[in-house]
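This is a predicted model, with the sequence first.
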Amino acid sequence: MPDPGDVIITRVKFTDSEQSKIRPALILFEEMSNIIIVGITTNTRMSGIPISRIEGAAQESVIKLNYIFTITNEAIIKTVFRLSSEKRNLVFNELSKKFQS
C-alpha cells in the first residue's frame, strides 16, 4: 500500500462516464480502503505545485490541488517516487489554506 506523499500511476475514472485514463497522481491519505489523491499534469502552465525531474518526475509537472479523486488500491498501477518531506508539507499546507477559505 503506497503512503501519503507517494507519486503513483493510477487509473482515474471520469465522473460523467465509465471511461478511465492512466494518470500520475499524488497520494494524500488512505482511510477504510479509500485512497484520496490529487492529479498531476505535465502542463506546466496550470496552477499548482511544480515538481521537477530532479525530484523524481518523468518530466516537469504540476500537482493540481483542485483535481482531487478517491480511488481504491486496485486502481494503482505502480508507485513511481516519493516527494521530499518539504514538498509534502508544502502540498498539505496549500491544501489546508484552500479548505480554510
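Ah, there it is.

Skipping adjacent residues, who's closest to the spatially most central residue of the chain in space?
Among the residues of the chain, the one closest to the centroid is L26, at 2.2 Å (Cα atoms, centre = their mean). On the basis of Cβ to Cβ, 6 or more residues apart in numbering, the spatially nearest residue to L26 that is not a chain neighbour turns out to be V38, at 5.1 Å. Yep, even glycine has a C-beta here, placed from its N, CA and C like the rest.

What helix or strand is the residue nearest to the centre of the chain located in?
Using DSSP states H and E, L26 falls within strand 20-31.

again, but for V80
Counting by DSSP H and E, the element that carries V80 is strand 76-82.

Can you give the strand pairings for that strand, parallel or anti for each?
The strands that strand 76-82 pairs with in its sheet are strand 6-13 (antiparallel) (by DSSP bridges).

The partner strand versus strand 20-31: what angle between them?
Note on geometry: by axes from the mean of the first three to the mean of the last three Cα atoms, to 10 degrees, strand 6-13 and strand 20-31 are set 120 degrees apart in direction.

Quick check: the gap between the closest residue to K78 other than its chain neighbours and A58.
Excluding the flanking residues, the one nearest K78 by Cβ to Cβ, 6+ apart is I9, at 5.2 Å. I9 is 10 Å from A58, where distance means Cβ to Cβ, to the nearest Å.

With neighbour numbers in mind, choose between these two.
Between I9 and A58, counted using other Cβ atoms under 10 Å, the more crowded position is I9 (16 against 13).

Could I get the contacting residues of the more buried one?
Counting by Cβ atoms under 8 Å, 6 or more residues apart in numbering, I9 makes contact with I22, R23, P24, A25, I76, I77, K78, V80.

From the residues you listed, list just the buried residues.
Applying 16 or more other Cβ atoms under 10 Å to the contacts of I9, the neighbour count classes R23, P24, A25, I76, V80 as buried.
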